[in-house]
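> Build the 3D model from these lines:
(chains A and B)
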Amino acid sequence: MTPLAPEQRDAVIEVADVSKWFGAVVALSEVSCRIGPGITALLGPNGAGKSTLLRVLCGLTAPSRGEVRILGRVPRRDVGLARHMGLVPQQEALFDRLTARQFVALAAKLHRVHQPEAAVDSVLGQVALDPRDPRPLRTYSKGMRQRVKVAQALVHEPEVLILDEPLEGLDPRQRLGMINLLRQVAAEGRTVVVASHVLEEVERFGSRVLVIAQGRLAAEGDFRAIRELMDDRPHRLRIRTDRPRPVAAGLISSGAATGAWVQGDDVVVVDTVDVALFRHRLAPVAREQGARLVEVVALDDDLESVFRYLVGRR
Amino acid sequence: MAAIFFLILRTQVTRGRVLALGAVAAVAVGLAVAIDRSASPFDRAEAAYGLVDNYGLALLVPLTALVFGAAALGDPAEDGTLVYLWHRPVARWKLAASALAGAVAIAVPFAVVPTALAAAVAGGGADLVAGAALASLVAVVAYSTLFMGLGLVVRRALAWGLAYVLIWEGFVARSGTGPARLSVLLYARSILAEVAGHAPPRLGASTSVAIAVPVVLAALALAATAQFLRRIDVR
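Residues are numbered from 1 along each chain as shown, chains lettered A, B, ... in the order given. Below you'll find the model as predicted:
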């Protein structure tokens, strides 16, 4: 058993053997993890169980089996725990007849924030929204709605912030602003859990990662370690060239491919366990063989296949 | 929990509901004007009583309470905004009570006021006006609580609520004492008859019972709603 990382020793969130099923559908299966201060990303494809896990963490639904504790308390039973938690749910629905200010003020009042008006102004400023905007939320763009959701989750300065796909709908500039904001929240010693199905997003958080797939915890650790795991898996690529047989033979003899077979007149499909080496040797091999490369396509580089691989190796 | 109360007021009073229920309420006042202009004094008193009883209490009040009661928590649960009320450090009974207060506050001007106004316009006298106001107020509170719980528990709460009002109260409750005890309408009618000095309805209850039972029913429904909020799966 590997020693616990510092953030795990000071776990704010403890998930112990949690399963959740809806009828015959198993959404989560025996998930256990400990999450400490800082940003932790929950990475997985759509339908993997990320949102279900977040809902269990927030007490929005009870686990079918196992237990969740946040700050040592059980979220499903302890209404007062919500005072220490902020949640950005995935769904877009808001109270559309309210303004952003009214919506965030509602959260502030329900959390009994001291000086709620000042807190609302401050948090709307943090997400780059105008507190004096008189327009109702129904007129807001997806990105603006997303930022209002983040504002209502932050207005009471929670110790634990849980966000389900918070970057969805944001343009690149807004994404950067949101990532910086969440980093800042984490730097204050708070615990931030972000669910995402986009690998690059998670990479930008530079965070600890929990990979979840098919309802199971497939991998966990520092982002770089997860990235290496993903890169080290076997890859399959399709190369279109005018001389497929010499290219296939050259790649195998150079050690860049573990297997290769020719399809038709101009296609060779190769397997490799070292993508970096393959990239490095492909062009020299083609040059040596006098071949012209037309196209190189990864056949299994989508997230689904990455997650399938990670689940399969556990 | 004033914040939730005012939220319900802001979000539930939509233009469509105002127009539809305003029209139903306006019909009550229109019928009262017609009664005032057309009938002899004796007939007018009976007609005014009949208007309050058969239109105000039997239709306007339950329909209005159904629309706003079922929507109070049912709409947020349905559209996914309940999470913004649920995931707060607010006791579930306070959440339910605040939503109920909002629903009742909206229903009063659409149901209680027009019913009492219709009694006055139709020339039913002060006792009928007082009876109409008290009976419809008790009924609005009871119906709103029941329908608020219904809106949270079932989909198509409007259809189920209409079935209760039209089928149970319209037919089944008239068939015997047992079913009548589960009819808010019969309690409201008993209050109306007692305060207005009218002959009590068949299967009716005494005034104290007619007030106490709907209040107890409402308290039970509120407790059940709070309990359901504790167990609900929130989207």
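> List the buried residues of the one helix or strand residue B:114 maps to.
Following DSSP states H and E, one finds residue B:114 within helix B:113-121. For helix B:113-121, burial by neighbour count (16 or more other Cβ atoms under 10 Å in any protein chain shown) applies to B:114-121. In short, each C-beta sits where N, CA and C put it, glycine included.
> now those as a markdown table including distance to residue B:193 and pLDDT?
Shown next, in a markdown table, are these (distance: Cβ to Cβ, whole Å; pLDDT from 0 to 100):
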| residue | distance to residue B:193 | pLDDT |
| --- | --- | --- |
| B:114 | 20 | 98 |
| B:115 | 15 | 98 |
| B:116 | 16 | 97 |
| B:117 | 20 | 97 |
| B:118 | 17 | 97 |
| B:119 | 13 | 97 |
| B:120 | 18 | 96 |
| B:121 | 20 | 95 |
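> Centre-most residue in the chain?
No chain specified, so I'll use chain A. The residue lying closest to the centre of chain A (Cα atoms, centre = their mean) is residue A:196, at 2.7 Å.
> other chain: chain B
Centre-most residue of chain B, counting by Cα atoms, centre = their mean: residue B:140, 2.7 Å.
> And it, how close does it get to residue B:157?
Counting by Cβ to Cβ, to the nearest Å, the gap from residue B:140 to residue B:157 is 17 Å.
> now residue A:46
On the measure of Cβ to Cβ, residue A:46 and residue B:157 end up 31 Å apart.
> who has more neighbours, the two?
Remark: of residue A:46 and residue B:157, residue B:157 carries more neighbours, 25 against 10, as counted by other Cβ atoms under 10 Å in any protein chain shown.
> my guess is that one meets residue B:74, correct?
Yes: applying Cβ atoms under 8 Å as the test, residue B:157 and residue B:74 come out as touching, 5.3 Å apart.
> Spell out which residues are contacts of both of these two.
In terms of Cβ atoms under 8 Å, 6 or more residues apart in numbering or on different chains, residue B:157 and residue B:74 are both contacted by the residues B:150-151.
> need the residues of chain A near chain B, please.
Within chain A, the positions near chain B by Cβ under 8 Å from any Cβ of the partner chain are A:55, A:58-62, A:79-83, A:85, A:87, A:89, A:91, A:93-95, A:97-98, A:102-103, A:106-107, A:109-112, A:152.
> how far is the longest helix anywhere in chain A from where the chain is centred?
When chain A is parsed with DSSP state H, its longest helix is helix A:172-187. Mean C-alpha position of helix A:172-187 versus that of the full chain (Cα atoms, centre = their mean, to the nearest Å) differs by 14 Å.
> all helices of chain B, in order?
In chain B, the segments counted as helices under DSSP H are B:2-12, B:15-38, B:41-51, B:61-79, B:83-86, B:92-107, B:113-121, B:126-153, B:157-163, B:177-180, B:184-196, B:207-231.
> tilt between the longest one and helix B:113-121?
It refers to helix B:126-153. Helix B:126-153 and helix B:113-121 meet at an angle of 160 degrees, taking axes from the mean of the first three to the mean of the last three Cα atoms, to 10 degrees as the criterion.
> buried sites along helix B:126-153?
Residues B:128-129, B:131-153 are the ones in helix B:126-153 that count as buried (16+ other Cβ under 10 Å).
> counting contacts, what elements does it pack onto?
Helices and strands touching helix B:126-153, by 3 or more Cβ pairs under 8 Å, 6 or more residues apart in numbering or on different chains; DSSP states H and E, are helix B:41-51, helix B:61-79, helix B:92-107, helix B:113-121, helix B:157-163, helix B:184-196, helix B:207-231.
> on that earlier part again, now, of the residues of chain A next to chain B, which are buried?
For the residues of chain A next to chain B, a burial check counting by 16+ other Cβ under 10 Å picks out A:55, A:58-62, A:79, A:81-83, A:85, A:87, A:89, A:93-95, A:97-98, A:102-103, A:106-107, A:109-111, A:152.
> that's a helix at residue A:92, yeah?
No: using DSSP: H, G, I helix; E, B strand; the rest coil, the secondary structure at residue A:92 is coil, not a helix.
> Could you tell me how many residues sit around it?
Around residue A:92 there are 15 residues (other Cβ under 10 Å).
> Can you tell me how far the residue sitting furthest away from the middle of chain B is from chain A?
Distance from the centre of chain B peaks at residue B:40, with 31.4 Å (Cα atoms, centre = their mean). To chain A, residue B:40 is 49 Å away according to Cβ to the nearest Cβ, to the nearest Å.
> Just the pLDDT for that residue.
On pLDDT, residue B:40 comes in at 74.
> Repeat that for residue A:232.
pLDDT, read off for residue A:232, is 68.
> swap in residue A:214?
pLDDT for residue A:214: 87.
> Show me how far the helix holding residue B:114 is from its chain's centre.
From the chain centre to the centre of helix B:113-121 is a distance of 15 Å (Cα atoms, centre = their mean).
> again with stretch B:220-231
Distance of stretch B:220-231 from the chain centroid (Cα atoms, centre = their mean) equals 19 Å.
> Give me the buried positions along that stretch.
Judged by neighbour count using 16+ other Cβ under 10 Å, the buried positions of stretch B:220-231 are B:221-222, B:224-226, B:229.
> Go ahead and name everything in contact with it.
Residues outside stretch B:220-231 that contact it (Cβ under 8 Å, 6+ apart) are B:73, B:86, B:91-93, B:95-97, B:100, B:145-146, B:148-149, B:152-153.
> out of those residues, which one sits closest to chain A?
residue B:91 (6.1 Å; Cβ to the nearest Cβ).
> For that closest one, list the residues it contacts.
For residue B:91, the contacting residues are A:79, B:226, by Cβ under 8 Å, 6+ apart.
> backbone phi and psi for it, please?
Per-residue torsions, residue B:91: phi -60, psi 140 (degrees, to the nearest 10).
> One more: residue B:14?
According to degrees, to the nearest 10, residue B:14 has phi -100, psi 160.
> For residue 202, grab the count of nearby residues.
All of this refers to chain A. So residue A:202, with other Cβ under 10 Å, has 23 neighbours.
> meant chain B actually
Neighbour count for residue B:202, taken as other Cβ under 10 Å: 9.
> How about it: what's its closest non-neighbour residue?
In this structure, residue B:202 finds its nearest non-sequential neighbour in residue B:174, 7.6 Å apart by Cβ to Cβ, 6 or more residues apart in numbering or on different chains.
> Now do the contacts for the closest residue to residue B:104 other than its chain neighbours.
Leaving aside its sequence neighbours, residue B:104 sits nearest to residue B:144 (Cβ to Cβ, 6+ apart; 5.1 Å). Residues near residue B:144 by Cβ under 8 Å, 6+ apart: B:65, B:68-69, B:72, B:100, B:103-104, B:107.
> ok, residue B:144 to residue B:108 distance?
Residue B:144 is 10 Å from residue B:108, by Cβ to Cβ.
> Write down the beta-bridge partners of residue A:14, one by one.
Beta-bridge pairing for residue A:14 (DSSP bridges): residue A:34, residue A:69.
> any idea which helix or strand carries residue A:268?
Element membership for residue A:268, per DSSP H and E: strand A:267-272.
> Note down every partner strand of that strand and its orientation.
Strand A:267-272 sits in its sheet next to strand A:235-241 (antiparallel), strand A:259-263 (antiparallel), going by DSSP bridges.
> Comparing those, which comes out most buried?
The highest average neighbour count among those, using mean count of other Cβ atoms under 10 Å in any protein chain shown, belongs to strand A:235-241 at a mean of 19.
> Now do the longest helix of chain A: which elements does it pack against?
Identification of packing neighbours for helix A:172-187 by 3+ Cβ pairs under 8 Å, 6+ apart yields strand A:38-43, helix A:142-154, strand A:160-164, strand A:191-196, helix A:199-205.
> Go through those and name the closest to residue A:178.
Across these, residue A:178 has its closest neighbour in helix A:142-154 (6.9 Å, Cβ to Cβ).
> just to revisit the earlier point, how about the contacts made by the residue nearest to the centre of chain A?
So residue A:196 contacts A:41-43, A:165, A:167, A:202 (Cβ under 8 Å, 6+ apart).
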